[in-house]
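Novice: here are the coordinates; sequence isn't available:
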Ligand code: PAF
């Protein structure tokens, strides 16, 4: 895979711009099967570029920026068979320089959920995503549905700042027992890994209640909270409307079941996006066909 490290080298991507869209998969590396699924999806849409950059501005001072796994050689090995056109792996200086620069303030979708527990996080995410869009000028960008609020916050930025990029979200990849793949699963020991499955179990429990006809948010929140008793600490177990993440007591239309909990050293998140229709509950997405972001 061709690795591009500086903005000057990015003109090489111009040769890829053609009848099909140039597709960007932004990542922080430490790639796993979930990322590879994003890349496979991207490749179906057009020539694909993967960015690998552990973005310092989206980590809080007490968070795992220093410990976050970095292994470019093994990331490139995983990408090799997937036919990506290039990997953009800039240094921190290349992206930020050394002065305090412009940053992006997220809109209302960043309030609550991870936005409450991680102040400044979404500003860091939006700032780096806007830089990547400016540098690489993709026509399509592919994100993992597991980072639900991130998808919606980026959707709001793209819509409000009139950015000419189409967003796509790809379903979460799970282990056989339901645990959502995450680079942070590497932090778990055997006991923590066993308990980590309580996040996806909580979501399934809420889905069962919905399938049985429950339409009030409170019993769903309570059921998810009970399943998450196995976590070391619960950050949230919420039900929100999509795309604006408002809290309604009575649920209808597109909803997000979202959980975050700490298991040992790892802060883990998981979610389900569902559509409540007249005759039942269906899996849904953020940027599904024809929908406004
Ligand atoms: O989802 C991630 O890996 C990161 O938040 C992203 C979008 C690459 C921005 O750093």
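Specialist: That came in fine, so what should we check first? Quick caveat: nothing in here was measured; it's all calculated off a predicted structure. Numbers count the residues shown, from 1 in each chain.

Novice: only C-alpha atoms for contact and neighbour calcs from this point on.
Specialist: Will do.

Novice: State the distance from residue 60 to residue 125.
Specialist: Distance, residue 60 to residue 125, by Cα to Cα, to the nearest Å: 12 Å.

Novice: Check residue 213 too.
Specialist: Residue 213 sits 37 Å away from residue 125, going by Cα to Cα.

Novice: Tell me which of these two has more neighbours.
Specialist: residue 125 (22 against 13; other Cα atoms under 10 Å).

Novice: Wait, a helix at that one?
Specialist: Yes - counting by DSSP: H, G, I helix; E, B strand; the rest coil, residue 125 is found in a helix.

Novice: Please list all residues in contact with residue 146.
Specialist: Neighbour list for residue 146: 171-172, 180, 269-271 [criterion: Cα atoms under 8 Å, 6 or more residues apart in numbering].

Novice: In contact with residue 236, which residues?
Specialist: 113, 258-261.

Novice: and with 7 Å instead?
Specialist: Residue 236 makes contact with 113, 259-261, according to Cα atoms under 7 Å, 6 or more residues apart in numbering.

Novice: can you check residue 46 too?
Specialist: By Cα under 7 Å, 6+ apart, residue 46 lies in contact with 20-23.

Novice: If we use 10 Å, what do you get?
Specialist: Contact analysis of residue 46 by Cα atoms under 10 Å, 6 or more residues apart in numbering lists 16-24, 84-85, 139-140.

Novice: again, but for residue 277
Specialist: Contacts here follow Cα under 10 Å, 6+ apart; on that basis residue 277 touches 252-254.

Novice: Now do the helices for the stretch 51-200 of the chain: every range, in order, please.
Specialist: Under the criterion DSSP state H, counting those that start in this stretch, helices of the stretch 51-200 of the chain are mapped to 72-79, 92-96, 113-117, 121-136, 148-160, 190-195, 198-211.

Novice: what's the longest one packed up against?
Specialist: Contacts of helix 121-136 with other secondary structure elements, assessed using 3 or more Cα pairs under 10 Å, 6 or more residues apart in numbering; DSSP states H and E, are made with strand 23-27, strand 48-52, helix 92-96, helix 113-117, strand 140-144, helix 148-160.

Novice: What residues does the protein have near the ligand?
Specialist: 26-28, 55, 125, 129 (Cα under 6 Å from any ligand atom).

Novice: please redo it, this time with the cut-off set to 8 Å
Specialist: Neighbours of the ligand within the chain, by Cα under 8 Å from any ligand atom: 25-29, 51-55, 58, 124-126, 128-129, 143-144, 147, 150.

Novice: separation between the closest residue to the ligand within the chain and residue 182?
Specialist: Here the chain gets closest to the ligand at one residue, residue 27, 3.7 Å apart by Cα to the nearest ligand atom. To residue 182, residue 27 is 12 Å away according to Cα to Cα.

Novice: Give the residues shared as contacts by the two.
Specialist: residue 35.

Novice: Low-confidence bits of this protein, can you list those?
Specialist: 289-293 (pLDDT under 70).

Novice: what about 50?
Specialist: The model of the chain has pLDDT under 50 over residues 290-293.

Novice: Point me to the residue sitting closest to the centre of it.
Specialist: Residue closest to the average C-alpha location in the chain (Cα atoms, centre = their mean): residue 147, at 2.7 Å.
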